[in-house]
Every structure is written in C-alpha cells, then in structure tokens.
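Engineer: Here is the input, now give the coordinates:
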Amino acid sequence: MNILKSIAAAITTLVLGTLIVSGQAKKPYVSGYLIKDDGKYNRVLVSGSDSKRKLYYKENKKATVTKKASISSFSGIWLFEPKDVTEAKDLYEARKYKEAKDAFIDLQKRYKAFQFLDDNYVELSKFYEMECYRKLKDYKTLAKELELYKPSYLTRPGIIQQTKLYKMYDAVHKKDWKRLHTLCLEYVDYPLSLGQRAQVAFCHGLAYEGLGKTNEALNAYATAMTSDFTRSESIVREAALNSLRIFNKDEEIHIAMRLWKTPDEEKNKSGYKKLTEANGLARLYEKAGLGSGVPLPSKYKKFQKYTSDETLKMLEKREARAQEVQAAKKKDDKTKNKGKSEVKAKSKAKAKAK
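Structural biologist: Numbering: from 1, shown residues only. From the prediction side, this is the model:
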C-alpha cells in the first residue's frame, strides 16, 4: 500500500529545499523520497499526481524534465512537510483558529495538484479547516461544509474517526436532540481517543439537556470535563459552564441556599447535595483553571460561599499538610546549602594552606 507520509517540520529544517517554487508558474515542488521495493530510494522534487495515480517529479532543482511514474511502482513515498503547511498548523496549535482556517483554505488551492496522493495536503487542509469551524463553534458552517466533504485519500485512523464525529455537530446545529442522543449512544463502547471521548460526552450532555434530562446531562458533562482535561480546554470550560447553568436553574438548589446554616437545613436532601456539587465546581473552575483564562461569570460566584463544614475541614487538613511539606523542603534545602558552604570553606582553607 502506498502511503504519503509527512515528516515533522523539525526534520525538514535539517535538509535542503523542503519547498521549491518555480519562477514563472509558481508551481509548488515538495522535496521527498521515492522508495522502491528493493529498499533503494531517490531524493526528488514532487510536483503532484493525477487521477490515474501517476506521480510527477523532477530529479533535482536544476532538472528541466518532469518525469512521470505510477504511484504503485513505489513501496513508499515520503514527503517533507512544506513550510506553509507547518505555519498553518502552528496557527492551529496556537488556537488562532480564524487565521488558521484562512491558511488551510489557501493550501487547498495551492496544492491541488497533490490531491490524488494518500493523505495529501488538500484533504488534510480541508480536515483542519473543518476542525477550525468546530473549535470556533461555527457549527452552521461545519454542517454546510460537511455536505461537500468527501475525503477519498485520508488514511490516518484518528482523522477518519474525527470526520465521522462531525455528524454530531450537525445535530447540535439543528438542535435535533433525539438524533444527537442516538449518535452519541453509538460511541458508548467504541474505542476513541481521549479528546474524541470528551467530544462525545459533551455532545451527549447537550442532547440530554435539550431533552430535559438534567441529571444525565450533568453526568455527561462530568465525563467531558475529566476525559481529556489537559488538552480539551474549550470542552472542559463549556461543560463546566453548562453544568453551572443547570445548577443555577435548579429550584431545589435555591431552596438549599435559602436554608443554608439555618435550623431548617436538611443535608440529606438532593438540593443540599447538588448545592455542594455546584460549590465544588465553582471553586474548581478558578482553582484548577477549568476556565482556561475565561473568568467565572459573576452569576455563578455565589456558589463558592456554600462550602460545607466537612469540606472546609478537609481543605484545612490539606493546607496544613502542604505547609508541613513546604517547611520540610525548606529545612532540607537549608541543610544542603549549609553542607555546600562548609565544603567550600574547607576547600578554601586547604588552598590557603598550600
């Protein structure tokens, strides 16, 4: 099987000519290797392929003749990642999704001649364009583009799976909660990456919320927050805020707030328990950085003052323990520094004696 493989940008800086453009037509040539079945390989400049699976390339920068060969005649085709592709990905990783989206759209035009290669720049750029719409929560455009999105040469399992998940966002856009619920159920036992699991859980939370099943929605949002905490920042934030919105509308919680620390307070009631959950989430939003730089809305800050006595005691013990650890560390550092000073003093004394 012939697979187009992109090599990391860090490697491309170590070799010559990762991207060469001819002066007249500004046709992109991408540096890479063509590998034969016997293991032999040639360094070439690839200019594209056609629908008959023919590859076009030049032997070197100075060559005037463009050669043609069947893609199937090679056991592998390795292309170095062009600089402009790397730059677009960098914008994406920096969460500059609007700029990245425009860059990926330009790449689809620029590398159109490569569209018949496996994992080509056209289809990969289209995928990242779709991801930008998802990250921007522009589900309307995502749904529109999805109707035209028919990748034929993508081979990477994670990308293929992500394209299947786009159907969920079409249902989110159309607020078709029953359909969204059904789609999410299909992935309950399906092997997914942590980020994809967080997406499914978040969408399931939206579906449950839309169907009026708030308890189930809270459980789904909790899964979304914990599945991929370190990378799915926007999902974690939205899941937390959606949960706080549900808590804020819960009449049982408002009753528990009115009865807080009064003789009529009932800790065994569901309202009290949900209030403590809202309290914990509101505190974690700021303490654990669930907001990823987005402040906690003032309307939810009120939950932070409803901290149970049990939780306060636990926090006090945790703080005391943290102080003990810190004090022990300072003492240890002081002892080490004293030892180093004594060694230096002895060394100086010996040097003077000589």
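
Engineer: Dump stretch 247-262 to PDB, keeping only the CA atoms.
Structural biologist: What follows is stretch 247-262, C-alpha atoms only, in PDB (Å, rounded to 0.1, in the frame of the first residue of the first chain):
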ATOM      1  CA  PHE A 247     -27.400  24.200  38.800                       C
ATOM      2  CA  ASN A 248     -28.400  27.900  38.700                       C
ATOM      3  CA  LYS A 249     -31.800  27.000  37.300                       C
ATOM      4  CA  ASP A 250     -32.500  24.200  39.900                       C
ATOM      5  CA  GLU A 251     -35.200  25.200  42.300                       C
ATOM      6  CA  GLU A 252     -34.000  22.600  44.900                       C
ATOM      7  CA  ILE A 253     -30.600  24.300  45.000                       C
ATOM      8  CA  HIS A 254     -32.200  27.700  45.600                       C
ATOM      9  CA  ILE A 255     -34.200  26.200  48.500                       C
ATOM     10  CA  ALA A 256     -31.000  24.700  49.900                       C
ATOM     11  CA  MET A 257     -29.300  28.100  49.600                       C
ATOM     12  CA  ARG A 258     -32.100  29.800  51.500                       C
ATOM     13  CA  LEU A 259     -31.900  27.200  54.200                       C
ATOM     14  CA  TRP A 260     -28.100  27.100  54.400                       C
ATOM     15  CA  LYS A 261     -26.800  27.100  58.000                       C
ATOM     16  CA  THR A 262     -30.400  27.500  59.400                       C
END
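
Engineer: Report the distance from that stretch to the chain centre.
Structural biologist: Between the centre of stretch 247-262 and the centre of its chain there are 36 Å (CA atoms, centre = their mean, to the nearest Å).

Engineer: May I see the buried residues of that stretch?
Structural biologist: 247, 250, 253, 255-257, 259 (16 or more other CB atoms under 10 Å). Yep, even glycine has a C-beta here, placed from its N, CA and C like the rest.

Engineer: do stretch 167-180 as well
Structural biologist: Residues of stretch 167-180 classed as buried: 168-173, 177, 179-180 (neighbour count, 16+ other CB under 10 Å).
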